[in-house]
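**Student:** Here's my sequence, what's the structure:
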Amino acid sequence: QLQLVESGGGLVRPGESLRLSCAASGTNLGNYAIAWFRQAPGEGREGVACVSRSAVYSNYADSVKGRFTISRDTAKNAVYLQMSGLKPEDTAVYYCAADPLTTSCSFEGMTHWGKGTLVTVSS
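**Tutor:** Next up, the predicted model:
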């Protein structure tokens, strides 16, 4: 059974960077498309970035394009979200999720979720 654990969140100032990690156990993460979502206080959940099983396809929300990069490391069975140029509006709990079916990537069809890591961007 796939289990996902996010890490790397924290408090940063506007303009700084963070790298979030999504570590998998229980099975090979390479069998899943992976997406990062976020949920800000009082807001709904938003898809941020996704990457296909093969890493050929990726997609980003308009709000993070050019600032966030999703990548995967098959050797470490992990997926990362490199976030730069962070803004206060990026403050949220960030979740990674897995989809076993799609050959590309999307923000739908997730069957496994982590518990999230909090990112706070504040001066």
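
**Student:** I'd like the distance between P41 and A92.
**Tutor:** P41 is 8 Å from A92, where distance means C-beta to C-beta, to the nearest Å. C-beta coordinates here come from the backbone N, C-alpha and C atoms, glycine included.

**Student:** Looking at those two, which is more packed in?
**Tutor:** The residue with more neighbours, out of P41 and A92, is A92; 22 against 7, by other C-beta atoms under 10 Å.

**Student:** Spatially, what comes nearest to that one if we skip its sequence neighbours?
**Tutor:** Nearest in space to A92, with sequence neighbours left out and distances taken as C-beta to C-beta, 6 or more residues apart in numbering, is R38 at 3.7 Å.

**Student:** Correct me if wrong: that neighbour contacts E89.
**Tutor:** No. Assessed by C-beta atoms under 8 Å, R38 is found out of contact with E89, at 10.3 Å.

**Student:** Which residue of the two possesses the greater neighbour count?
**Tutor:** Taking other C-beta under 10 Å, R38 and E89 do not tie; R38 has more neighbours (24 against 10).

**Student:** Run through the residues that contact that one.
**Tutor:** Going by C-beta atoms under 8 Å, 6 or more residues apart in numbering, R38 touches R45, E46, V48, D90, A92, V93, Y94, Y95, V119.

**Student:** Give the partner strands of the strand or helix carrying it in its sheet and their orientations.
**Tutor:** Using DSSP states H and E, R38 sits in strand 33-39. When pairing is defined by DSSP bridges, strand 33-39 lines up against strand 45-51 (antiparallel), strand 92-99 (antiparallel).
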